[in-house]
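Peer 1: Mind folding the following:
(chains A, B and C)
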Amino acid sequence: MTDTQTPPVTPYRSTAVPAGRDGFVQLLRAEWTKLRTVRRWGLTLLGAVLVTVLVSVFAATSSKVQFAGGGDRGPEPTGPGGVRIVDSFRYAHQALPGDGTITVRLAEFRTGEGSTPEWGKAGVLIKKDAAPGASYAALMLTPGHGVRLQNDFVHDRAGSNSPAGEPRWLRLTRDGTTLTGYESADGKEWSEVGAVTVPGLTGTVQVGLFVASPMVDTMDRQFGSVSVSSEPSRSTAVFDDVTVDGGSGDWRHTDVGEQPGGDGQSSGPVGGEGESSESGGRFTLTGSGDIAPAQYNTDLAAMSLSGTQLGLVLIAALGVLFITAEYRRGMIRTTFAASPRRGRVLVAKAVVIGVTAFAAGLVASVASFLIAQPILKANGHKPPRFPELQLTDGPVLRAVLGSAVLLALIAVLALGLGALLRRTAGAVATVVVLFVAPLVLVTTLPIGFAQFLQQFTPLAGFAVQETLTRYDHVATLCLPEEGCYPQGPWIGIGTLLLYAVAVLGLAVWRVRRRDV
Amino acid sequence: MSEALLTGAPRVTARGAGRMTGAVHAEWTKLRTLHSTWWLLLGIVLCTVGVGALTTGSLSAGDCLARRTCDEDTVKLSLTGVWVGQAAMAVFGVLAVTAEYGTGTMRVTLAAIPSRLRVLAAKAVVVAGLAAVVGAVSVLGSLYLGRVLVLDAGFTAEAGYPPIGLGDGATLRAVVGGVLYYVLVALLGVGLGAALRDTAGTLTGVFLLLYGFPLVAAMLSDPDWEKTAKRLSPTEAGLSVLATRNLEALPIGPWAGLGVAASWAVGVLVVGWAVLKGRDA
Amino acid sequence: MDSIDGTVQVRGLRKRFGSVTALDGLSFTVTPGQVTGFVGPNGAGKSTTMRIMLGLDSADAGEALIGGRAYHALRTPLHEVGAMLDASAVHPSRRGRDHLLWLAHSHRIPVRRVDEVLEQVGLASAGRRRAGGYSLGMRQRLGIASALLGDPPVLLFDEPVNGLDPEGIRWIRGFLRSLAREGRTVLVSSHLMSELEDSADHLVVVGRGRVIADTSVRELLATASGDRVSLRTDARTEAMTVLAAAGATVASTGRDTLTVSGPSAEKVVQLLSGAGVPFSEISAHRATLEEAYMELTGDVLEFAAAPVDEEDAR
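Peer 2: Modelled structure (predicted):
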């Protein structure tokens, strides 16, 4: 038995340890120490980097392109600002030495056999000269998008939504480098479509009528297979009441530029030669082609980052384990006893795992890009058919940094799910079902449902890997198979961010209320 | 079920078959008495049927019929949920083994039934049996909902789409194949679980195997490579059994594809058995 | 650091888990400078109480205050309360020292303190090994080290003796006493009174979520049913008659053995010799803490084993 001694009255005061401080930085440090001291987690992170790089390189290695005719073509035309463009159309024009106005009535606009291109164009056009790529401004009617005022290929402004079936009056006025477009239903009451400044339109320019009719893409898509066929179209426009103020010289008829789809060695344009005639002030123009920025189908940057799709599995597993391993062993009690403000602990964990995943993801995406690009080039993905990409290009930088952010957000989302479910198996499976299964499925589901998944599930984050510039005024097919996300990169990664924040917020709310 | 386990009568335990049923009975009791088993199995059914219904519900014959060719495989679309449900099914198979390692129950199991082969076989039998039942419920449920939704979407007999029914040979093949595929995925989980033992590691591995192959295949632009990858993939090849139309577009024949998945499952089970036998518990 | 008075107060704690009442209005106070034993059978609510003290579980009613404040209000808890709840709550792949390191980082405790506490619990050399390879006793020591890390005035240990070898048990008893001597509040839970017999000064005995006794060890022993004397004699009936006549309570415990309560051994010898009753053996039996405890908790055992003979009869 023991004797009971009189307890000392003075309470214990520590002399061994200096007073600690309560702060978020300490939490971050503690969580970082936790992360780095489990060797297996370090290996998982390394594995994620390796898987990402290897799969990206593998995808690059296996993708070869070959072209009939060797693929050597002259450089494709570029417009003002160096954008690659398509510039081919039928043009009836005369010289315009100074300021002036062209007014026409577009009496008829129809497409020949086959389907109607939504971005077919007919109207009035003022261009520096008839060479492809020369600066221009055009006021036009389109079958699918009403009246538009476009200039220098990438700029587009909408006018009225009048259908192509009805006659329409169009007027384009030049005042120095300022071009103003007007439209009217009857030639009496005019409304302004807009005014644009085109710096290239100085000195003597060409003024006239034009018609362009782009390729029509049709898609045949079934469970697991997709085939896209492009067919040229040919449209005819009839103009009457043509008046040109300030024009000089005779009317000339030109097929501007090379037709799309030709490889430079075939004899004629794919859509056939343009035709035009004039009789009694009535112009009839028939032609193919388009006036627009060129679209690439293959996103080389996204292709060289495709390993992220598999690397994410390891990152997600790590994010889940970072919290569920603590629950499984009961270590979470030690953690929450040391830091009773549980929400802050969870946020500190999210910051640590997020930053770590970002760093690993950045290493992985930069390495993937730098290794995969030369391989892709060697396999035929090179100019002029494919762009030359640099790491420092804006969209490429966005894709590479964005891939790292993507992995970071996935890790945070996984952490949040782990905190909510507390079970490793359940949380890992949920992340996989959220990300990986849809990635596989979007290529096989009906396109409406696939695009729904791409836009409204966390999968949307992968949109950040897109580097192709998509113009609203060019008809394109946005196929999940080609990694096209309809909403664009920023909205895509923003959607994932919302998911990650929401899940983490829910986890904080839950963890603060629940017994551990 | 097993007299041997209940009474321990030496007459019965001496027989190999009796010992095997004992092991199976033990495994069944272990799985049956865990709440998580039933939640997981319910999850499999809900995932499969739910995703299938979402897919067929989003269909519209109008989009399809406007195209030059319309050849939607409505049976396969109804069974899209299998792509997602297999994740839960894999978790089921994996946890049947790794949960025992996580909690240390495996040592008790091996002390009670020293033959590692018998333990693994018993687990495989029980997991496969449950997977078959749950698979059948999931597949038939998906198909029933699919039949209704597909009709709503306008895929009627007039449009060349007879109602989905089991009388059709190809549909029956898809159903039987889908159930067998689920069994194989569960067995893949069991085998990989026995080989790797750690829950998180095994799950990562099994998901990479199930979804990694099709993802990589989709990245390949060379058609030959793509076809080879799809033929080797347990998922792509295995699920070709779900197709009822346009079979020539498949990378591999329906039954041959299921054979690929079966080879994966058997291969991984053998590896799992070897690890179980060769390594200390 | 906030100055903290190391008194731990538990007031009217109630907690239900579904249909099970774990705590049913638990109240007691733990004072500094002594080792307080927190005893009760398995399932009596000891661990739940400790989790509520640490703010891990929330009580349905009542409160647990440390130095007058709720745990949640402590800004640097490691400097104020050190706790060891579950020794196995360590990631097996992490080295023992690294486990303490992250805890230290959470309070900006210098790294040398980690090595100090490892030294203190005798894990200096094992600290660089993975915790997964630790024996139960080593994990127990690691848990104690983590409680000591912030050098707090209040220490809570949940079943610290579990899994220790005899040497370890001796070590921890001395260690707990030395911590209390420094003026700290030390609360040690156990389901075995014998573990606390040589170390605790004060006892809080709980059963079925209620405090059965809150008393010093000395008082508890005094309330226990006193001393007894065992006697072996061939003349059982005579001995019983003589002793009962002298006011002692006599129970027959065998064919030739008796247990006598009341008089001391000397008195019994005197009585029997005086009456000429022969006896072959006599031994004094001092009440132990264990017996006092069994007496207290006998009717509140949550998972009492059925008596053996009943089992056989079935």
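
Peer 1: chain center to stretch C:74-83: distance?
Peer 2: 23 Å (C-alpha atoms, centre = their mean, to the nearest Å).

Peer 1: Now do it, average pLDDT.
Peer 2: Mean pLDDT, stretch C:74-83: 89.

Peer 1: how about it against chain A, any contact?
Peer 2: Yes - if you take C-beta under 8 Å from any C-beta of the partner chain as the test, stretch C:74-83 does meet chain A, through C:74-79, C:81, C:83. For glycine as for every other residue, the C-beta is placed from the backbone atoms N, C-alpha and C.

Peer 1: Alpha carbons of that stretch, as PDB, please.
Peer 2: Output of stretch C:74-83 as PDB, limited to C-alpha atoms (Å, rounded to 0.1, in the frame of the first residue of the first chain):
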ATOM      1  CA  LEU C  74      -7.100  26.200 -25.300                       C
ATOM      2  CA  ARG C  75      -4.900  27.800 -27.800                       C
ATOM      3  CA  THR C  76      -1.800  25.800 -27.200                       C
ATOM      4  CA  PRO C  77      -3.300  22.500 -26.000                       C
ATOM      5  CA  LEU C  78       0.000  20.500 -26.000                       C
ATOM      6  CA  HIS C  79       1.400  22.900 -23.500                       C
ATOM      7  CA  GLU C  80      -1.600  22.600 -21.200                       C
ATOM      8  CA  VAL C  81      -2.700  19.000 -21.500                       C
ATOM      9  CA  GLY C  82      -0.700  16.000 -22.500                       C
ATOM     10  CA  ALA C  83      -2.800  12.900 -23.400                       C
END
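
Peer 1: Might you list the low-confidence residue ranges for chain C?
Peer 2: Confidence mapping of chain C against pLDDT under 70 gives the ranges C:1-4, C:223-227, C:286-287, C:298-314.

Peer 1: neighbours around residue C:165, how many?
Peer 2: Look at residue C:165: counted by other C-beta atoms under 10 Å in any protein chain shown, it has 11 neighbours.

Peer 1: Then residue C:58?
Peer 2: 12.

Peer 1: Which helix or strand contains residue A:340?
Peer 2: Counting by DSSP states H and E, there is no helix or strand that carries residue A:340.

Peer 1: nope, residue C:172 is what I was after
Peer 2: Residue C:172 belongs to helix C:166-181, assigned by DSSP H and E.

Peer 1: quick check, that helix touching chain A?
Peer 2: Yes - Helix C:166-181 comes into contact with chain A (C-beta under 8 Å from any C-beta), by way of C:180-181.

Peer 1: Going by neighbour count, which residues of the helix or strand following that helix are buried?
Peer 2: Per DSSP H and E, helix C:166-181 leads on to strand C:185-190 as the next helix or strand towards the C-terminus. By neighbour count with 16 or more other C-beta atoms under 10 Å in any protein chain shown, strand C:185-190 contains the buried residues C:185-190.

Peer 1: Go through those and name the one nearest residue A:316.
Peer 2: Checking those against residue A:316 by C-beta to C-beta gives residue C:189 as the nearest, at 39.4 Å.

Peer 1: State the distance from the closest one to residue C:195.
Peer 2: 10 Å (C-beta to C-beta, to the nearest Å).

Peer 1: same thing with residue B:78?
Peer 2: Residue B:78 is 64 Å from residue C:195, by C-beta to C-beta.

Peer 1: Which of the two has more residues huddled nearby?
Peer 2: Under the criterion of other C-beta under 10 Å, the comparison of residue B:78 against residue C:195 puts residue B:78 first, with 30 against 23.

Peer 1: wait, residue A:295 sits on residue A:478?
Peer 2: No - using C-beta atoms under 8 Å, residue A:295 is not in contact with residue A:478, being 11.0 Å away.

Peer 1: What residues sit buried inside the longest helix anywhere in chain A?
Peer 2: Determined from DSSP state H, the single longest helix within chain A is helix A:342-378. Buried residues in helix A:342-378, counted by 16+ other C-beta under 10 Å: A:342, A:344-354, A:356-358, A:360-369, A:371-373, A:375-377.

Peer 1: can you check stretch C:83-99 too?
Peer 2: Neighbour-count burial for stretch C:83-99 [16+ other C-beta under 10 Å]: C:83-91, C:94-99.

Peer 1: between these, which is nearest chain B?
Peer 2: residue C:88 (11.1 Å; C-beta to the nearest C-beta).

Peer 1: Would you map the helices across chain A?
Peer 2: Using DSSP H, helices in chain A cover A:24-36, A:39-61, A:300-303, A:308-329, A:331-338, A:342-378, A:394-421, A:424-441, A:447-456, A:489-513.

Peer 1: The stretch 51-200 of chain C too?
Peer 2: C:77-80, C:96-106, C:111-120, C:136-148, C:166-181, C:193-196 (DSSP state H, counting those that start in this stretch).

Peer 1: wait, does the third one make contact with chain A?
Peer 2: Yes - looking at helix C:111-120 against chain A by C-beta under 8 Å from any C-beta, the contacts come from C:113, C:116.

Peer 1: Looking at the residue of the stretch 51-200 of chain A found nearest chain C now. What's its pLDDT?
Peer 2: Chain C sits closest to residue A:51 of the stretch 51-200 of chain A, with a gap of 21.0 Å, by C-beta to the nearest C-beta. Residue A:51 is assigned a pLDDT of 94 by the prediction.

Peer 1: Same check on residue A:76?
Peer 2: At residue A:76, pLDDT is 65.

Peer 1: With the one 4 residues further on instead?
Peer 2: pLDDT recorded at residue A:80 is 77.

Peer 1: Pretty sure it sits against residue A:136.
Peer 2: No - with contact defined as C-beta under 8 Å, residue A:80 does not count as touching residue A:136 (9.2 Å).

Peer 1: so who does residue 132 touch?
Peer 2: If you meant another chain, say so; for now it's chain A. Residues counted as contacts of residue A:132 (C-beta atoms under 8 Å, 6 or more residues apart in numbering or on different chains) are A:77, A:85, A:87-88, A:256-258.

Peer 1: that's the wrong chain, I meant chain B
Peer 2: B:179, B:182-183.
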